[in-house]
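Engineer: coords please:
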Amino acid sequence: MAGTKRYGADGPPQLVGKCRPVSPNERLGWFRRVRRLTSRPGAWVRRVVCSCGREDDFRVLITHPFKPLFSRYGIDLGAVHLELACHSCSSEFVVFDNQINGWNAVIAGERSLLPPDYTERVKASLHPASCLCGSRRFGCLVWYSYDAQPDDLPPTEEDWDEAFGWFAAWVICSRCGMAQEVADAETA
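Structural biologist: Below you'll find the predicted structure:
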């Protein structure tokens with residue numbers, strides 16, 4: 001593993017160019033409300049930003065993690081799926097799906113076991129998040145835990161960005177500022 005790549009530095013491939021670092025002051029403001037320790041080694045915390053530059057105008061689409069979507073080895077499984085749609089430019093992108101992203105899905109090969117119509121099943125089960133104030137416009141903060149030990153890393157560096165063990169995301173209402181966790185999944 002003699003290369004220049006640093007484990008956990010780049011974050012997941014689906015967010016390349018779609019996020020920015022969170023400043024220490026901004027992080028304090030967010031995390032007074034969301035109560036998740038993000039200063040551990042391996043924590044990759046970012047604010048999601050649309051390609052149009054907006055970071056507070058997302059419609060948030062999520063699945064119910066305990067609603068069965070498919071079966072593997074006779075066990076019904078759901079999905080933790082987070083998708084954002086920008087109200088300003090209509091851009092849509094997937095931030096996370098525990099059946100497609102993360103250590104088990106990629107490194108352990110579990111995504112190769114998904115049914116062929118998995119994407120369609122997820123799309124059919126998505127529902128929009130809303131705030132108690134009635135708003136459906138949010139900013140989004142993501143946390144990926146790159147917590148593998150050096151000896152446990154995949155042999156090829158190109159797999160390192162998917163070798164995270166935990167994911168969580170919070171949204172903050174653009175109208176009232178209320179925070180809510182919308183996704184939380186162990187991936188290893």
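Engineer: need the three-state assignment for Ala124.
Structural biologist: helix (DSSP: H, G, I helix; E, B strand; the rest coil).
Engineer: just give me the neighbour total for it.
Structural biologist: Under the neighbour criterion other CB atoms under 10 Å, Ala124 is assigned a count of 10. The C-beta positions use only the backbone N, C-alpha and C, and glycine is treated the same way.
Engineer: residues in contact with the residue minimising distance to the centre of the chain?
Structural biologist: For the chain, the residue nearest the mean C-alpha position is Phe96 (3.7 Å; CA atoms, centre = their mean). Applying CB atoms under 8 Å, 6 or more residues apart in numbering to Phe96 gives the contacts Pro12, Gln14, Val80, His81, Leu82, Val142, Phe167, Ala169, Ala183, Ala185.
Engineer: Arg88: which element?
Structural biologist: Actually, residue 88 is Ser rather than Arg. For Ser88, there is no enclosing helix or strand under DSSP states H and E.
Engineer: hang on, the residue nearest to the centre of the chain in a helix?
Structural biologist: No - assigned with three-state DSSP, Phe96 falls outside any helix and is strand.
Engineer: next structured bit after the helix or strand of the chain with the lowest mean pLDDT?
Structural biologist: Among the helices and strands of the chain, helix 24-34 carries the lowest confidence by mean pLDDT, DSSP states H and E, at a mean of 65. Moving toward the C-terminus from helix 24-34, the next helix or strand (DSSP H and E) is strand 43-48.
Engineer: what helices and strands are in contact with that following strand?
Structural biologist: Using 3 or more CB pairs under 8 Å, 6 or more residues apart in numbering; DSSP states H and E, the elements in contact with strand 43-48 are strand 19-21, strand 138-145.
Engineer: what about 10 Å?
Structural biologist: strand 19-21, helix 24-34, strand 81-86, strand 138-145, strand 166-173 (3 or more CB pairs under 10 Å, 6 or more residues apart in numbering; DSSP states H and E).
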